[in-house]
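Colleague: Provide a 3D model corresponding to the input given below.
(chains A and B)
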Amino acid sequence: MSDAHDADGLSFQPSGSKESKKSACDEYAVTVLRYLDNDLEGRELEDFRSHLNSCANCQAQVGEEIALSKLLHRTRPLYSVPAQLRARISAATKQPSLSLFPTGWLYQLRLETLIGGWSHIRRQFLSLRVLAPAALVIALCLAFVPNMVRNVRAASYVEKAATDHRSYVDGSLPIGFQSSSPELVTTWLTGKVPFEFHLPRAESNPESKPVYRLTGASVVDYKGSPAALVMYETQNEKITLLVVSSKAAVIAGGDKVQFGNLTFHYHTDSGFRVITWHNHGLSYALVSSVSGPARESCMVCHQNMTDKGAFSTRR
Amino acid sequence: MSFGRETGQPQTRIEFNTYLDGLIGYAVVLSRNRAEAEDLVQETCLRALRSVGQLRPDGNIKSWLFTILRNIWLNQVRQRRTTPDMVDFDSEENDTAEPADTAQDPYEVYASKVEQEQIRAAIQHLPVEFREIIMLREYEELSYQEIASVLDCPPGTVMSRLARARSRLRELLPAGLMARPANEKETAKTSNETAA
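Modeller: Next up, the predicted model:
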């Protein structure tokens, strides 16, 4: 520990007469600290003690360092973590998906196969042989009514989004993870939903405040698979965004509006405005109580955002 | 602390409670923003949980957590391309000190609180290199070697930087603060008795 040279290039300008008097002993600044930490030994310790006995500046320096240490030590801890954050972290450590064990639907599938063994797989295969003709009949029927099925599936997604939104607004669906950080919410959802999902950081206009803010997320069930429910809020109301794989949810119906490459479908369900769209293999349903014409709804939140141009004109 | 100690076995569990106050303190001096500091601590814990298996059984969990937190902060600063500005985080609403000990003398509680606020303010006026080294050494009691590992610099740099940080901090502290004895009221009482 004798290599006490400064290698970080930080500037340090002693000021005032007090510092000037000490300048002769500046070279001992580190030695004083090491002396107080009992880090000096042998010849180094003897030399410093000898210097200390004859140097009033260094004696004063030792006294000041001791006083500063006492002062700092009696103010510990300087900051304490808020109880809410402590509780959240404690809860997070109890989440199975955050333990060392692999999780997710793939792990669950593997686990089921391992537990059920080959007999489980054979049973599934046999049941397929029985069900196959019936499925064929159903498939033929569905071929004649594709639009009807598509609309029913789309309506089911809208209805589910509205139901989850109501539960959240009523307080019966709690926030699974609270944070205003898109990165943290994305991290929390990783492994909990069977798809990759990255919440974008809202790029607000630097001259104005965003109208909405992220509050957190929960994991909800959608047709037997985990889905992400992301929560936002404006000054007056709560907004939710249900995200599922496009394989699980169909986007159709409603009042269609095109913005760039995306087609938004505006629905009304149970008094809520539900906007659905799909992009990059995921289906989205944004639920709020925002009223007004469909084309202007986006501007409610995006009015102060850098992407407002995308919503201000119909393309 | 309860994490794996078996030879050759990776760590499997972290009891964060022991480290949370230290982590929030470090996060506050780095970011100078209370909300950002809380997010930093939260993300540190999440990342630590995800990669706890990579930590050696004899690994130093405390320095490891501080290193994770610092790396997250550095990444955020790089992403923003700007150093965060000074934000007033020391208002009453952000005062997260432990609940007052009712058995303690109210005067002492008040004096300690004032003293703590003065130190917080002085530390926050230091450059970030000095702020973090004061926290790691004086409040977290990490060794020079551990600090060098967290800051990714030689131990010699840690020592010289600490010496300069302490010197600068003394300049920033209100005059007479260091001279205040631990039990000021007691001293005052003794002086009065002597005078009488």
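
Colleague: what stretches of chain B score poorly on pLDDT?
Modeller: Residue ranges of chain B with pLDDT under 70: B:1-13, B:81-105, B:179-196.

Colleague: helices or strands next to the helix or strand where B:Gln76 lies in the packing?
Modeller: Using DSSP states H and E, B:Gln76 falls within helix B:61-80. With contacts taken as 3 or more CB pairs under 8 Å, 6 or more residues apart in numbering or on different chains; DSSP states H and E, helix B:61-80 sits against helix B:17-31, helix B:34-51, helix B:144-151. Bear in mind the C-beta positions are built from the backbone N, C-alpha and C, glycine included.

Colleague: so for A:Gly176, which of the ones you listed sits nearest?
Modeller: helix B:34-51 (13.5 Å; CB to CB).

Colleague: in that closest one, which residues are buried?
Modeller: In terms of neighbour count (16 or more other CB atoms under 10 Å in any protein chain shown), helix B:34-51 has its buried residues at B:34, B:36-50.

Colleague: just give me the closest of those to A:Phe264.
Modeller: Proximity of the buried residues of helix B:34-51 to A:Phe264 (CB to CB) peaks at B:Asp39, which lies at 31.2 Å.

Colleague: quick check: closest non-adjacent residue to the closest one.
Modeller: A:Ser181 (4.9 Å; CB to CB, 6 or more residues apart in numbering or on different chains).

Colleague: now the one you found. Its backbone dihedrals?
Modeller: Here is the backbone geometry of A:Ser181 (degrees, to the nearest 10): phi -90, psi 120.

Colleague: OK, contacts around it?
Modeller: Shown in contact with A:Ser181 (CB atoms under 8 Å, 6 or more residues apart in numbering or on different chains): A:214, B:39, B:43.

Colleague: low-scoring stretches of chain A, by residue?
Modeller: A:1-24, A:94-134, A:137-149, A:201-210, A:290-315.

Colleague: what are the ranges of the helices in it?
Modeller: A:16-22, A:29-36, A:42-54, A:56-73, A:83-93, A:105-144, A:146-170, A:182-189, A:294-302, A:308-312 (DSSP state H).

Colleague: for stretch A:231-240, which positions count as buried?
Modeller: Across stretch A:231-240, burial judged by 16+ other CB under 10 Å covers A:231-233, A:238-240.

Colleague: then stretch B:70-78?
Modeller: By neighbour count with 16+ other CB under 10 Å, stretch B:70-78 contains the buried residues B:70, B:72-73, B:76.

Colleague: domain ranges for the chain?
Modeller: You didn't say which chain, so I picked chain A. For chain A, automatic domain parsing gives the domain ranges A:16-73, A:145-312.

Colleague: if you could check chain B rather than the one you did, that'd help
Modeller: B:1-87, B:102-183.

Colleague: report whether the last one contacts chain A.
Modeller: I take that to be domain B:102-183. Yes - interface with chain A: domain B:102-183 contributes B:112, B:115-116, B:119-120, B:123, B:127, B:129, B:134-135, B:138-139, B:144, B:153-157, B:159-164, B:166-171, B:173, B:177-180, B:182 (CB under 8 Å from any CB of the partner chain).

Colleague: and the residues you listed, which of them are buried?
Modeller: Neighbour counting with 16+ other CB under 10 Å marks B:112, B:115-116, B:119-120, B:123, B:129, B:134-135, B:138-139, B:144, B:153-157, B:159-164, B:166-170, B:173, B:177-178, B:180 as buried within the residues of domain B:102-183 next to chain A.

Colleague: narrow these to those in helices?
Modeller: Counting by DSSP H, the part of these found in helices is B:112, B:115-116, B:119-120, B:123, B:129, B:134, B:144, B:155-157, B:159-164, B:166-170.

Colleague: which residues sit against stretch B:25-40?
Modeller: Contacts for stretch B:25-40 (CB under 8 Å, 6+ apart): A:77-79, A:81-82, A:85, A:179-181, A:184, B:23-24, B:41, B:44, B:66, B:69-70, B:72-73, B:76, B:84-87, B:89, B:94, B:123-124, B:128, B:131-132, B:134-136, B:139-140.

Colleague: relative to A:Ala227, how far out is A:Tyr284?
Modeller: For A:Tyr284, the distance to A:Ala227 (CB to CB, to the nearest Å) stands at 11 Å.

Colleague: the two: who's more crowded?
Modeller: A:Ala227 (27 against 22; other CB atoms under 10 Å in any protein chain shown).

Colleague: tell me what the closest residue to that one other than its chain neighbours is bridged to.
Modeller: Leaving aside its sequence neighbours, A:Ala227 sits nearest to A:Val244 (CB to CB, 6+ apart; 4.4 Å). Beta-bridge pairing for A:Val244 (DSSP bridges): A:Ser283.

Colleague: for A:Val244, what are its contacts?
Modeller: Going by CB under 8 Å, 6+ apart, A:Val244 touches A:157, A:195, A:222, A:225, A:227-228, A:282-283.
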